[in-house]
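Q: here is a sequence with its predicted model. Questions after.
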Amino acid sequence: TKIAVFASGTGSNYEAIMDQINAGQLACEVALLVCDQPNAKVIGKAEELGTPLFVFDPKQYESKATFENEIVQRLQEQGVELIILAGYMRLIGPTLLAPYESKIINIHPSLLPAFPGKDAVGQAIEAGVRVAGVTIHFVDEGMDTGQIIDQQALYVEKGETRDSLQKRIQAIEHRLFPQTIQKLIEEQAETGERGASI
Ligand code: GRF
């Protein structure tokens, strides 16, 4: 299975996916890394690991539809079947959503539907919740609103800071994301579609 990873920042989830592919635990190939931030750290990582890159600056395009059209073209050229949003800080528009309906998944650092949007970890600390977590979900036109695929919770410790919670949440993400992608690929292979258990 050929997948594309979309990222805007550090790319630690991209790295975790590559690690699991190289360890033989995840049966896919990252055929394209799409990045909308020309200075993002993830770009150097993709160069190092030999993943084909499409880096673009949204400001250079007339509209979201224009750059998403170009993304769709590149995805089709590479034969991408599944899109993984790993810290891609942008809503997906209809141009990209329509051809990849139920083929786009996102990871979000909260137990959705709590704390959608930016700085979910900061929002959780601010709200004083005792339980935080990670959600992996299908992407629709909303902000972190699509159908939930999997979640993992953790307790917020006494005296926990945004940074300490973020670190522990990321450690969960790096395990859960590759595992969930593998399950999805297996189920899609069996049923040809979105699996029955999801
Ligand atoms: C992750 O915490 C993810 O949940 C959120 O953005 C962050 C991306 O981190 N959507 P990284 O770029 O993979 O390190």
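A: Yep, that arrived.
Q: now for Gln152: which residues touch it?
A: Residues near Gln152 by C-beta atoms under 8 Å, 6 or more residues apart in numbering: 133-134, 172, 176. Every C-beta, even on glycine, is put in place using the N, C-alpha and C of the backbone.
Q: which of the residues you listed ranks first by neighbour count?
A: Val134 (26 neighbours; other C-beta atoms under 10 Å).
Q: tell me how many other residues crowd the residue in the chain positioned nearest to the ligand.
A: Nearest residue of the chain to the ligand (C-beta to the nearest ligand atom) works out as Gly87 at 2.6 Å. Neighbour count of Gly87, defined by other C-beta under 10 Å: 22.
Q: so it makes contact with Ala16?
A: No: contact criterion C-beta atoms under 8 Å: Gly87 and Ala16 do not qualify, at 11.6 Å.
Q: low-scoring stretches of the chain, by residue?
A: The model of the chain has pLDDT under 70 over residues 193-198.
Q: the strands in it, which residues?
A: Assigned by DSSP state E, the strands in the chain fall at 2-7, 29-35, 53-55, 82-85, 104-108, 131-138, 148-155.
Q: columns distance to the ligand on top of the ones you listed, output as CSV?
A: Putting the strands of the chain into CSV (distance: least, C-beta to the nearest ligand atom, whole Å) gives the following:
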stretch, distance to the ligand
strand 2-7, 5
strand 29-35, 10
strand 53-55, 15
strand 82-85, 7
strand 104-108, 4
strand 131-138, 7
strand 148-155, 12
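Q: okay, those in TSV with distance to Val42 next?
A: Below are the strands of the chain laid out as TSV (distance: least, C-beta to C-beta, whole Å):
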stretch	distance to Val42
strand 2-7	4
strand 29-35	6
strand 53-55	9
strand 82-85	12
strand 104-108	14
strand 131-138	19
strand 148-155	23
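Q: what about the longest helix in the chain?
A: Scanning the chain for the longest helix, with DSSP state H as the assignment, gives helix 162-191.
Q: Asp19: how many residues sit nearby?
A: Asp19: 14 neighbours (other C-beta under 10 Å).
Q: how about Ile181?
A: Counted with other C-beta under 10 Å, Ile181 comes out at 25.
Q: this completes my enquiry, with thanks.
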